[in-house]
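Asker: sequence first, then the predicted structure:
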Amino acid sequence: MTIAENLRQVKARMAQAAQRAQRAPDEITLVAVSKTKPLSLIAETAAAGQVDFGENRLEELCQKADAAAQSGLNGIRWHAIGTIQSRKAKLALRAAAQPDSGQLCLIHAVDRPKIAQRLSRLAAQNNLSLDVLLEVNVSGELSKHGFSPASLLTALPSLLDLPALRYRGLMTMAPFVPDAEQVRPCFRQLRRLLNDLRHNFPPDQNPQATWQHLSMGMTNDFEVAIEEGATIVRVGTAIFGHREYE
Ligand SMILES: *Cc1c(COP(=O)(O)O)cnc(C)c1O
């Protein structure tokens, strides 16, 4: 199967899931997760009409963004989807500050106050603001990163005081399970949490928060995530095939 064909099938499945939930398919953005895949495959995917690409390591994102720009592959929207180590946070600014290499449009996984503070400080120094999502560990799995729902509510007042972050919504990684139905409650809980935030920290009083996005759903479970309100799905394997390494 070609990448174009895989992409077409993923989009068709997304549209069907949206329809089941009586949602408009164009409310949902597909981020093609290209981690470990070479630029040639990104170019092939872009040629098939894909604009949004996700990388979980910032070094790899910066390298690919530079290489894409150098090879004349313009207009990509890059998404930083992985956990950011403190000492790598500078790379997010590098990507954000070089619009010629495509745009770093969204940081999906702000998972602790310390990284939020650091990103805001670096962004302010560069006269930029960054669009971010807050990662929530809804399942409570110890291996997962992210705020617990309770710790997020506690942290929010000080997060909202940071000058250079714009809070666009929430992100979660569901546990890996054989049957995606099992993670439906996680997705539903994330949507409820977003509704709580809209109510408790309304955008008209907190202009740096818009709370419009739910980034949830991967190859294994994106249809259930869309039925539960995802506005962004992050899909790698179903587009590019299996990864040989992580
Ligand atoms: C790798 C990755 C994905 C995509 O996973 P697939 O199962 O290949 O679709 C999505 N989100 C994050 C944060 C990832 O690291």
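Answerer: Thanks, I have the structure now.

Asker: helix or strand for L193, just tell me which one.
Answerer: Following DSSP states H and E, one finds L193 within helix 184-200.

Asker: helix/strand/coil for R234?
Answerer: When states are read from DSSP: H, G, I helix; E, B strand; the rest coil, the local structure at R234 comes out as strand.

Asker: number of residues surrounding it?
Answerer: R234 sits with 25 neighbouring residues when counted by other Cβ atoms under 10 Å. All C-beta spots, glycine's among them, are computed from the backbone N, C-alpha and C.

Asker: ok, which stretches of this structure are helices?
Answerer: For the chain, the helices defined by DSSP state H cover 3-20, 39-47, 58-70, 89-97, 113-125, 149-160, 184-200, 222-227, 237-240.

Asker: so, low pLDDT: which residues of this structure?
Answerer: Applying pLDDT under 70 to the chain flags the ranges 99-102, 245-246.

Asker: so which bits of it are right by the ligand?
Answerer: 33, 35, 56, 81-82, 173, 218-220, 234-237 (Cβ under 6 Å from any ligand atom).

Asker: now, the most widely separated pair of those?
Answerer: Using Cβ to Cβ, the pair of the residues of the chain next to the ligand lying farthest apart is G82 and N220, separated by 17.4 Å.

Asker: so which of those two has more stuff around it?
Answerer: Neighbours per residue (other Cβ under 10 Å) separate G82 from N220, with G82 holding more: 23 against 18.

Asker: ok, and what's touching stretch 175-184?
Answerer: Around stretch 175-184, the neighbours that count as contacts under Cβ atoms under 8 Å, 6 or more residues apart in numbering are S139, E141, K144, A174, C186, N220, D221, E223, V224, E227, E228.

Asker: which of the residues of the chain next to the ligand are buried?
Answerer: Buried positions within those, assessed by neighbour count (16 or more other Cβ atoms under 10 Å), are V33, K35, N56, I81, G82, M173, M218, T219, N220, R234, V235, G236.

Asker: show me what contacts the fifth one?
Answerer: When contacts are counted by Cβ under 8 Å, 6+ apart, G82 is found next to K35, E55, N56, R57, L58, A109.

Asker: cool, the last one as well?
Answerer: Residues touching G236, when contacts are defined by Cβ under 8 Å, 6+ apart, comprise A32, V33, S34, K35, G54, M218, T219, R243.

Asker: quick check: bridge partners of the first one?
Answerer: Residues in a beta bridge with A32, per DSSP bridges, are F53, V235.

Asker: I figured it hits E55, correct?
Answerer: No - using Cβ atoms under 8 Å as the test, A32 is too far from E55 to be in contact (10.3 Å).
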